[in-house]
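Asker: Turn this into a structure:
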Amino acid sequence: MSPLAPLGALGRAVLRLLGEVGAVALYALSAVSHVVRPPFYAREFGVALIQIGWLSLPVVGLTALFTGGALALQIYAGGARFNAEAVVPQIVAIGIVRELGPVLGGLMVAARVASSIAAEIGTMKVTEQIDALVTLSTDPMKYLTAPRVLAATLAVPVLVAVGDSVGIMGGYLVGLARLGFNGAAYLENTVNFLETWDILSGLVKGAAFGFIVALMGCYHGMNSRRGAQGVGRATKQAVVSSSVLIFAANYILTELFFAA
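Answerer: Below you'll find the predicted structure:
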């Protein structure tokens, strides 16, 4: 074997990665252009809004509730080492609103929605339903991708807002029941500590994460290979890529919003 073979393999892998990044970027630009240009499929948008937003409320709410409670316990235990137990309401609020609410909400939506979209569109690809749409002069990007991307971009910030409220409530319940906090003082500290930008930054993150989730679900579904194995692979890739991109986008947005 040539001594340069490992370098060749590394180069091919990098080129494949760059090609995939370019394809995703072009797909994202096409999706955005179709979102803002008519025609609009209101029925598809409404169905996607219900599936992505309303039906994701239980899993996002339960995740936020238990996360807020666990966070309160952890902060209390850590603060006790420095006689700083009183900061529990403030740290729970800012941790949920800035980071945990958007990120965990985005991940739950990715697990539930990205896989569903990829499986649905991948199955349509395998059964040649997408080819049938083209035959009927219907643009698959306009009919399948644009409504889902728009619905997720609008719905996930609402889910994040609900998750933030439920997460703070989880910390509040644990603070009262387990940690001995006064209810009125806990809520007052929470309200006085949070700033408007803390809340808005989380909602902006939610919109970005919703866009990522729907985009990855549609992209991998559209590019799934033939057969059940191809659909399964597309579903897995949609969830993995959505999750990784959510973490990457979270860091970038945090750097933009809060870097000194």
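Asker: can you give me the helices in the stretch 51-200 of the chain?
Answerer: Listed in chain order, the helices of the stretch 51-200 of the chain (DSSP state H, counting those that start in this stretch) span 57-79, 88-95, 101-109, 115-126, 129-135, 140, 146-177, 183-193, 196-222.
Asker: between those, which gets nearest to Pro38?
Answerer: helix 146-177 (10.5 Å; CB to CB). For glycine as for every other residue, the C-beta is placed from the backbone atoms N, C-alpha and C.
Asker: now the angle from that closest one to helix 57-79?
Answerer: Inter-element angle recorded for helix 146-177 and helix 57-79: 40 degrees (by axes from the mean of the first three to the mean of the last three CA atoms, to 10 degrees).
Asker: Mind listing what's buried along helix 146-177?
Answerer: With burial defined by 16 or more other CB atoms under 10 Å, the residues of helix 146-177 counted as buried are 146-175.
Asker: Please apply the same query to stretch 38-47.
Answerer: Buried residues in stretch 38-47 (16+ other CB under 10 Å): 44-45.
Asker: residues making contact with that stretch?
Answerer: 142-144, 146-148, 150-151 (CB atoms under 8 Å, 6 or more residues apart in numbering).
Asker: how about CSV for the residues you listed, with distance to Phe258 and pLDDT added?
Answerer: Formatted as CSV, these follow (distance: CB to CB, whole Å; pLDDT from 0 to 100):
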residue, distance to Phe258, pLDDT
Lys142, 37, 91
Tyr143, 39, 90
Leu144, 36, 91
Ala146, 32, 93
Pro147, 33, 93
Arg148, 30, 95
Leu150, 28, 95
Ala151, 29, 95
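Asker: Just give me the closest of those residues to Val231.
Answerer: Of all these, Leu144 has the smallest distance to Val231: 15.0 Å, by CB to CB.
Asker: Contacts only, for the nearest residue in space to Asp198 that is not next to it in sequence.
Answerer: On the basis of CB to CB, 6 or more residues apart in numbering, the spatially nearest residue to Asp198 that is not a chain neighbour turns out to be Val97, at 5.1 Å. Contacts here follow CB under 8 Å, 6+ apart; on that basis Val97 touches 164, 168, 194, 198-199, 202.
Asker: roughly how far apart are Val97 and Thr145?
Answerer: In this view, Val97 and Thr145 are 31 Å apart by CB to CB, to the nearest Å.
Asker: just Arg43 next, same as before
Answerer: For Arg43, the distance to Thr145 under the criterion CB to CB works out to 15 Å.
Asker: just Asp198 next, same as before
Answerer: The spacing between Asp198 and Thr145, counted by CB to CB, is 33 Å.
Asker: Could you do Ile117 as well?
Answerer: Following CB to CB, the distance that separates Ile117 from Thr145 is 9 Å.
Asker: Those two: which is more packed in?
Answerer: Neighbours per residue, other CB atoms under 10 Å: of Ile117 and Thr145, the larger number sits with Ile117, 31 against 26.
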